[in-house]
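Asks: Model the structure of this input:
(one chain, ligands or ions: 1)
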Amino acid sequence: MCAEKSYATTVRRVLITGASGAVGSVAQKSLDRLGEIFPFDINELDVTDSKSTQHVFQNIKPTTVLHLAAITDLNLCETNKELATQVNFYGTKNVVDSCVKSGADLIFMSSEAVFNGSKREGYSEQAACRPQNYYGQTKLESEIYIKKNLKKYYITRASWLYGSSVSQKLLEKLLPKLLRDEPVSVVDDKFGNPTLIKDLVETLGNIIEGKHGYGTYHIVNSGSCSRFEFILTAAKCIGRSYLVTPTSSDTFLSNVNRGRYALLKNTKINPLRNWKIALAEYMEEVTN
Ligand SMILES: NC(=O)c1ccc[n+]([C@@H]2O[C@H](COP(=O)([O-])OP(=O)(O)OC[C@H]3O[C@@H](n4cnc5c(N)ncnc54)[C@H](OP(=O)(O)O)[C@@H]3O)[C@@H](O)[C@H]2O)c1
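Replies: Have a look, this model is predicted:
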């Protein structure tokens, strides 16, 4: 009886919010080796509803919460600041408050957008934050709330994620065009760390397993490039590099301020593999 009781209290119970999004859809498939996974999409758990959030926590009794739910469309965050604040800040606050009550560990997905993006050499985990857009501001306010209210937290910042069948990011938007042999123009004056979601999720798995202490982490594939180089490299993998031309970000009208360098320096955990190796593997998978 004692053995059974101790097993029941040590088994991991991982609650995922925003589970049908790009990261969530990969995470819910690949993290089940770690324990019981409870993926909740927006229809099952709207994090802006504090009562439902508490109710789900009481039912599931998670040991770890992977909080992915967010408004991630940067344009939408600018044009509907109320929605961005409700979901990204108050939604996170509800999740944090439930973690405080239940004692669950929190993994919060944050972003390079908390930095101002002016530093060519990129930003370490301890660098001063100064967001340039509303999305980044909601992420920073959430980080501050987490640090004030929780001890058992991991803030994991990422940049330029790709590699999910439900993603609508740059590569996923342009790949169908390349496959149809259509030309694409890509800006060559914005730089980041393209990061394969599968690699991010593997590191999140290590965090859930307790391989890293509580705190803030930058989880990015090693190396960096411009958006142009990223898409050109992907196009080369399928023999279509002739379709990709460089352009300047001045040619695109946008209501979102973005720094030039969306670059995160990982100074705390083992470096992830180089972005070119991860991208080549992904392109092989999606085009075969
Ligand atoms: N993608 C990147 O490059 C990147 C980089 C750094 C950090 N992040 C962060 O990583 C996390 C996951 O990103 P992602 O790329 O997977 O984003 P995503 O594909 O947009 O997924 C976010 C999910 O949250 C859901 N959601 C929205 N409002 C909600 C609410 N009120 N309650 C519950 N769920 C809600 C969305 O549902 P709907 O689709 O129905 O709105 C969506 O399924 C986010 O916190 C994001 O800010 C992403």
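
Asks: So in the chain, where's the weakest helix or strand by average pLDDT?
Replies: helix 2-10 (a mean of 41; mean pLDDT, DSSP states H and E).

Asks: following the one helix or strand residue 15 maps to, which helix or strand comes up?
Replies: Using DSSP states H and E, residue 15 falls within strand 13-17. Following strand 13-17 in sequence order, the next helix or strand is helix 22-30 (DSSP H and E).

Asks: which strands and helices sit next to that following helix?
Replies: On a contact count with 3 or more CB pairs under 8 Å, 6 or more residues apart in numbering; DSSP states H and E, helix 22-30 meets strand 13-17, strand 36-40, helix 197-208. Glycine gets a C-beta too; all of them are placed from N, C-alpha and C.

Asks: same thing but at 6 Å, please
Replies: strand 13-17, helix 197-208 (3 or more CB pairs under 6 Å, 6 or more residues apart in numbering; DSSP states H and E).

Asks: Quick check: residue 157 is in a strand.
Replies: Yes - according to DSSP: H, G, I helix; E, B strand; the rest coil, the state of residue 157 is that of a strand.

Asks: Look up how far the ligand lies from it.
Replies: In this structure, residue 157 and the ligand are 7 Å apart, going by CB to the nearest ligand atom, to the nearest Å.

Asks: burial count for that residue?
Replies: Neighbour count for residue 157, taken as other CB atoms under 10 Å: 24.

Asks: so the closest residue to it other than its chain neighbours is in which element?
Replies: Spatial nearest neighbour of residue 157, excluding adjacent residues (CB to CB, 6 or more residues apart in numbering): residue 110 at 4.6 Å. Using DSSP H and E, residue 110 sits within strand 105-111.

Asks: strands paired with that strand, and their directions?
Replies: Here strand 105-111 is paired, per DSSP bridges, with strand 64-67 (parallel), strand 153-158 (parallel).

Asks: Return the most buried member of these.
Replies: strand 64-67 (a mean of 27; mean count of other CB atoms under 10 Å).

Asks: number of nearby residues for residue 76?
Replies: Residue neighbour count, defined by other CB under 10 Å, stands at 15 for residue 76.

Asks: Tell me which helix or strand it sits in.
Replies: If you go by DSSP H and E, residue 76 is part of helix 74-79.

Asks: Show me which residues of the helix or strand following that helix are buried.
Replies: Once the chain leaves helix 74-79, the next helix or strand it forms, by DSSP H and E, is helix 81-84. Neighbour counts over helix 81-84 (16 or more other CB atoms under 10 Å) mark residue 84 as buried.
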